[in-house]
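J.: Predicted structure and sequence below. I'll ask about it afterward.
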Amino acid sequence: MAKVGNLKEGRSIRRAMRHRRIRRKLRGTAERPRLVVFRSLRNMEGQLVDDDASRTIVGVSTLSGELREFKGESRTPGIEVAFEAGRLLGRKAREHGVQSVVFDRGGYRYHGRVKAFADGARKGGLEF
């Protein structure tokens, strides 16, 4: 059983290394904040971060009140919920005057829920 723990630990370490490598190249400003994505096994979170001021402008989670009632009707409800979360984040960002962002995928592959979140943010009015 020890190998399973080591495998999981190695996977998270590799993701953290990828995330640090990506973050070296990306920088969020007030005019063009960084869109950070976090993916857990069940939920998704997204935040717009201004790295110059070290503050979060707006954030959305699939656990938030607006999305808790949303139920996907297809075979992949997680992707639908991630899309809706991205669209909600895009709308909230537009209310705060943000139009363009830098996408930080957080070391995750750009497919599945991460891609759906990004597509939803584009549909919500963000450009990246």
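T.: Arrived safely, thanks for sending.
J.: Where does residue 115 sit, in terms of helix or strand?
T.: Using DSSP states H and E, residue 115 falls within helix 113-123.
J.: Now do that helix: which elements does it pack against?
T.: Contacting helix 113-123 under the criterion 3 or more C-beta pairs under 8 Å, 6 or more residues apart in numbering; DSSP states H and E are the following elements: strand 34-39, strand 44-50, helix 77-95. Quick note: C-beta positions are derived from backbone N, CA and C, even for glycine.
J.: Residue 99: what's its closest spatial neighbour, skipping adjacent residues?
T.: Counting by C-beta to C-beta, 6 or more residues apart in numbering, the nearest residue to residue 99 once its immediate chain neighbours are dropped is residue 127, at 6.1 Å.
J.: Revised request: answer the last question for residue 71.
T.: Closest residue in space to residue 71, ignoring its immediate chain neighbours: residue 77 at 6.6 Å, by C-beta to C-beta, 6+ apart.
J.: Just the CA atoms of stretch 53-62, as PDB, please.
T.: Listed in PDB are the C-alpha atoms of stretch 53-62, where the atom choice follows Å, rounded to 0.1, in the frame of the first residue of the first chain:
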ATOM      1  CA  ALA A  53      -1.200  44.800  -5.500                       C
ATOM      2  CA  SER A  54      -1.300  41.200  -4.200                       C
ATOM      3  CA  ARG A  55      -5.100  41.100  -4.100                       C
ATOM      4  CA  THR A  56      -8.000  39.000  -5.400                       C
ATOM      5  CA  ILE A  57     -10.400  41.000  -7.500                       C
ATOM      6  CA  VAL A  58     -13.200  38.500  -7.800                       C
ATOM      7  CA  GLY A  59     -13.600  34.700  -7.300                       C
ATOM      8  CA  VAL A  60     -16.100  32.000  -8.100                       C
ATOM      9  CA  SER A  61     -16.500  28.400  -6.900                       C
ATOM     10  CA  THR A  62     -18.800  25.700  -7.900                       C
END
